[in-house]
Structures are given as structure tokens and as C-alpha cells.
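> I'll drop the sequence and a predicted model, then ask my questions.
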Amino acid sequence: MAAMAVFSSHLIVINHKGEISSNLEKILCTTFFAKIHLSNHSFKPFIMFVLRDQIDRSESSINGQVSKLKEGLIKESRFVGTSLDDVLNLDPKHSTLLSNAFSEDYCHKLNIKIKWRNKIFPDEVLELRKKLIQQIDLVNEENVIKNLTDLYTNLCYNWETISKTGENIFKCKDLEEIKIRDEISAKSINLLTRHRTALAKILDDLINDIINSYKEKEIFDNSIETKCKHDIERCVEERKERVYQEFDSLTNVPYFPKSIVDEYGKKISYQFEYLKDISIQRLNENCIYLKNMSDYKNVNQKIIGEINDLLAKNIHYDNIDAFIRDIEKKFEKIDQENNNRLNSMNRSVDIENIERIFYDISRLILSQNRRKKKYYESVDHFFNEKKSIIGTNISDFQIFIIGFKQSIANFKNELNKKLDDFNGKLEMRCKSEIIDYIDNYIGCNSKCPCCGSKCQNAKGHQGNHRSQFHILDGFFKWMNNDTKQILTNFCWEKFINSKFYICDEEYKKYKNCKEFLLNEHPEWLFDIQENYDVYGKNASNSGNIRFRSQIMRAWMNTRKPLLKEYFINYKIVDKKYDNEWLSLEDEENMLPEDHVPKWNENI
């Protein structure tokens, strides 16, 4: 964030409490180095120091601190080669000292501490604001950001630069570490350049020896390829060992941290491994080519031998056509074998896939090694504890027996406590999951306001309610408000939707069922209208007649205990039924008026 301020701001206010610390000096050192290397320093940020809670607000007290800070920055950044004044506008005069915002004293009469607002502090803050505004007005017109779009673009560019390019710089704690890294990096690069050139020449000579050997003998020997591969690996390891020794001697300096030296040592190792892989890859490509050339020549020699054998047999042909056909077959065979050899020679090696597979296998091996190491360390820790416990000599058997019994008792108590906790958590979790399961199984708890049929949608659904089977409104205690007689109508019937008055518990009157639902329960209106389209408009349909008669039969055979309860609470009485309804009564299975429902408690 300090680097973002130095990269993007014309004015930087460092609001600090007390004295200027050494940590602030390190932060400014690092951001100074980053601005030189990662950003153009066409404008110099004006740095203003604001120190709060100052008792001594004389200029000499702060000027000395800022001067000391600037001297430290200049001393630390000598190796950079750029003047501090060319990058940052840092001056001892650019400072403001503020008093405490509150004053505090002890009142002996009241025996309490008293705190009050300091009247000097607001005036000092206003004066500071004037200074800042004056400094902003002095910014060069060329460096002013004109609009928010340019500001956003500038901030995004600076943030991307810091996030990506500046990663190595911001790993360093201060300029001293940057200086050390630059010095070690220069030594390692110089060492690598010198030895890598010499090693590359040696490896090229090894590969060229195989090519020259083939040119002389025109026969490819597989053992030569294996020997050359071993020689490449040996040369790389020997050279890498020499470079390590020289690197150790160059970096064997007390002020070089071991972690940084090891980091650059690993980078050197990666370079040699890369050179070895490239050389072996080149060796493989050349060997494939030489093998194909050798096989091609062997085939030609074999064909020539076969031709000589044919000529030696002195075969007599009956006519010239037979001779030509025989010769054409031989040439076709020769041409096919030559084409096969050429195709195998021209077949490209998929280097990218090989490298990808190689790196995937390497990552897999490293991850498995880390897992094994972690597992080994954990097991080794337990084994060491076991050895230390078993290997301890028992000086007093009686004390050991008492302590052993006590440890077993403590272990038993601890185990019982864990079991109790586990059982409690298990019971709580099981109950919670069972309740959730039952809620999900039951689904939405909403009931149709006209007949009481339950919504069949899932619990917590969004939108309209829905029920596939709407029953009689008598099951939901609807009655005629004038006669107190029970109503036995379907909520989807046509005359209910157009003529009947429906009254709710507050005795509000609506013209019809549709108006009642629209005002009181709009989420049920769509479903009842849909049921009207299916059942109400097609009353003569056999399926609708059967469904209607089933609901009517259920009402006629269960109404007596229901009406008994309705009368107690709402004074609802039974109505008169026509022959169609009365024919649905079942004398044997009808519920009596004193019927008491039996519940299955296990459920």
C-alpha cells in the first residue's frame, strides 16, 4: 500500500503517533527502490509528516527526526545510483506537529479523572488542511489527472505492476536485503554464464561424436547411445558440483543470509537440470534419425542382395511380359518399404506432451514425497514418545503402581466424558436431522382456505400453492352464517365461484370465492381456478363424477363426530341432504357420533 501511494499520489501524508520509527525508514527505502525500477518518476511525491500527541511542538524536535530519516535513506540507497531528491520530495520542513485532541487531569475534590476537548487541536488541524490544499495547488499541470477514468486506469496499471513485476522486490524487508540479493544474483549469473558455455560445448562434442561415428561406419550401435546419455549426465553433475563449490566460496560471507544463498543455489541447480534435459532431448532426436538411416541402408542392402540372388538363379522367363511383371512387383515392394522408412524418419516428436507428462509426474512424485514425509514425522514422533516412556527406568515400584492406577482412572474418566459428549452431540444431531427429514417429507404446511386440503409443494417453495385433491368445504368448518348449517360445496364448483357469500373469521363479506381468495389468499387463487377448469367445467366426465362421489361418501360417513366438535366450538349444525347424498351412507362403517380417533404413537 505504501508503494501504491508513492506510485500514484502527488501528496503523501504520513500520519504517525510519537516519534518516527525505523520501520517507517525501511518501508520508504523499499518503495523508493520500487519506484525507480517499476515506475516512471516524472513527478516527485510530496511527503508530509504529521505527528500526533506531541507535547514539545518546536520545529527542532521534528526536523531532527526527519533529517535523520533522510540521511538513513540516502545511506541505504547509495548502491542504487539515483539521487533520493530526484524521486521523492522529502524535506525536514514538510512536517506538522499536533497536540492531543483531549486533555486530562485528576480532580481531587470529586476524586475522579476529568477529560475535555483541547481547543488548540481543531485550529492546528485547520492549519494543516490549508497547507495540504496549498501544496495540491502547486502540482504541475502536466501531472494532474484530469478525470476519474484516467485515475482508474492509472491505479489499475500501478496495482498490476506491483502485484506481478514487483513481487521479488516486496519480498525484501529493506534495501539491505535488496542489495544482498542483487550482489548474489550477479555472482550466480556470472558463474552460470561462464560454466554453462563450456558445458554446452562439451555436450555438443559428445553428441557430434555419435554422428561422426555413424558417418565413418554407417552402422548405428545402440550401446553408443546409452553410453552418451550416461556421459551427458556425468558431465552435468561434475560441472554442477564445481559450480556449487565456486558459488559457496563466493558467497561464504558472514552478512549473506543462508536462506538467500540457498535460494540462488537452487536456481543454479534448475539451470543445469534444464541444460541436461535439452541435451538428452537433442541426443534422442539425433539417435532416432541415425537409427532410421541405418535401417534404411540395411533394407537397401538386403534388396540389392535379393536382386543379386535372383540374378544368380538365372531364372528364364517365357516372354518379356512375365519378366516386366516380376520386376514391377519387386519395385513396388522396395518402394513401400522405403516410404515406411521415410515416414518414420519424418515423424515429429511431440515435445510439448513429453514435457507436460514429465512435469506432471514430477509434481506427483513431489506431492507423494511430502505426504510420506509428513506421515513419517508423525509416526516417528509417536515412536519416540513410546521409546522414552518404555525406556525410562522405574526407581520406585510403589509410586509407579499408584501413578499407573491414577493415570488409568483419569483416562477412564476422560473417555467416559468424551463418550457422554459424543452421545449428546449424536442425539442432538440425529434429532435435528430427523426433524429436517420429516419437514422435507411433509412439505409445505399451507392449507386451502376454502376446503382445508394441504399444499403438495415442497417446503419453502416460491410462488402459488397447489393441491391435486380439493375436498368439501365442510371439512374446513365452513357454514351458512344465517342458518348455522354446515356447507358441503367444492371450492372449485361454478356456483361457488360466482354467487355464494363467503365470510371469514372477522365476518367480512365478499361477493364470491374468487374475490375472497384475491383479497385474503391470492397464492391459492390460481390453483382453484385451474381445478375449476378441470372439474367444474367437466362435471359430466366419468372421472370427475367418481372423484366427486368419493369425497361425498367420505363426508357422509365421517360427518357425525366432526359436527359434534363443530357444534361445541362454533354452534354449527347439520344440513338436510337429498337422495344422492343419503345413498352414500354406509350403515356398518359409518363413524358414530361418540367416535374417538386412535393415533399410532410409534409414528
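Arrived safely, thanks for sending.
> low-confidence ranges in the stretch 501-603 of the chain?
Along the stretch 501-603 of the chain, segments meeting pLDDT under 70 span 501-507, 599-603.
> Which parts of it are helices?
Taking DSSP state H, counting those that start in this stretch, the helices of the stretch 501-603 of the chain run over residues 513-520, 522-531, 542-570, 579-582.
> Could I get the buried residue list for the first one?
It stands for helix 513-520. 513, 514, 516, 517 (16 or more other Cβ atoms under 10 Å). (Each C-beta comes from the backbone N, C-alpha and C, glycine too.)
> separation between the third one and residue 582?
Per Cβ to Cβ, to the nearest Å, residue 516 is found 30 Å from residue 582.
> Tell me the gap between the longest helix along the chain and the middle of its chain.
In the chain, taking DSSP state H as the definition, the longest helix is helix 258-313. Mean C-alpha position of helix 258-313 versus that of the full chain (Cα atoms, centre = their mean, to the nearest Å) differs by 44 Å.
> what helices or strands is that helix leaning on?
Using 3 or more Cβ pairs under 8 Å, 6 or more residues apart in numbering; DSSP states H and E as the contact test, the elements touching helix 258-313 are helix 175-217, helix 222-251, helix 320-346.
> Specify the local secondary structure of residue 462.
Three-state call for residue 462 (DSSP: H, G, I helix; E, B strand; the rest coil): coil.
> and the gap between it and residue 456?
From residue 462 across to residue 456, the span is 15 Å (Cβ to Cβ).
> go on, residue 66?
From residue 66 to residue 456 the distance is 78 Å (Cβ to Cβ).
> These two: which is more packed in?
residue 66 (19 against 13; other Cβ atoms under 10 Å).
> Please tell me how far the more buried one sits from residue 133.
According to Cβ to Cβ, residue 66 and residue 133 sit 22 Å apart.
> do the same with residue 392
From residue 392 to residue 133 the distance is 76 Å (Cβ to Cβ).
> do the same with residue 333
Distance from residue 333 to residue 133, by Cβ to Cβ: 96 Å.
> one step back: Throw the helices of the stretch 501-603 of the chain into a markdown table and include distance to residue 379, thanks.
Listed next are those as a markdown table, based on distance: least, Cβ to Cβ, whole Å:
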| stretch | distance to residue 379 |
| --- | --- |
| helix 513-520 | 70 |
| helix 522-531 | 62 |
| helix 542-570 | 70 |
| helix 579-582 | 82 |
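> Looking at those helices, which is nearest to residue 118?
Nearest to residue 118 among these is helix 522-531; the distance by Cβ to Cβ comes to 63.0 Å.
> Using PDB, write out the CA atom coordinates for that closest one.
As requested, the backbone C-alpha atoms of helix 522-531 are provided in PDB (Å, rounded to 0.1, in the frame of the first residue of the first chain):
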ATOM      1  CA  PRO A 522     -54.100 -14.800  -3.600                       C
ATOM      2  CA  GLU A 523     -51.500 -17.600  -3.600                       C
ATOM      3  CA  TRP A 524     -54.400 -20.200  -3.700                       C
ATOM      4  CA  LEU A 525     -56.500 -18.500  -6.400                       C
ATOM      5  CA  PHE A 526     -54.600 -19.800  -9.500                       C
ATOM      6  CA  ASP A 527     -54.900 -23.500  -8.200                       C
ATOM      7  CA  ILE A 528     -58.600 -23.300  -7.500                       C
ATOM      8  CA  GLN A 529     -59.300 -21.700 -10.900                       C
ATOM      9  CA  GLU A 530     -57.200 -24.500 -12.500                       C
ATOM     10  CA  ASN A 531     -59.200 -27.100 -10.700                       C
END
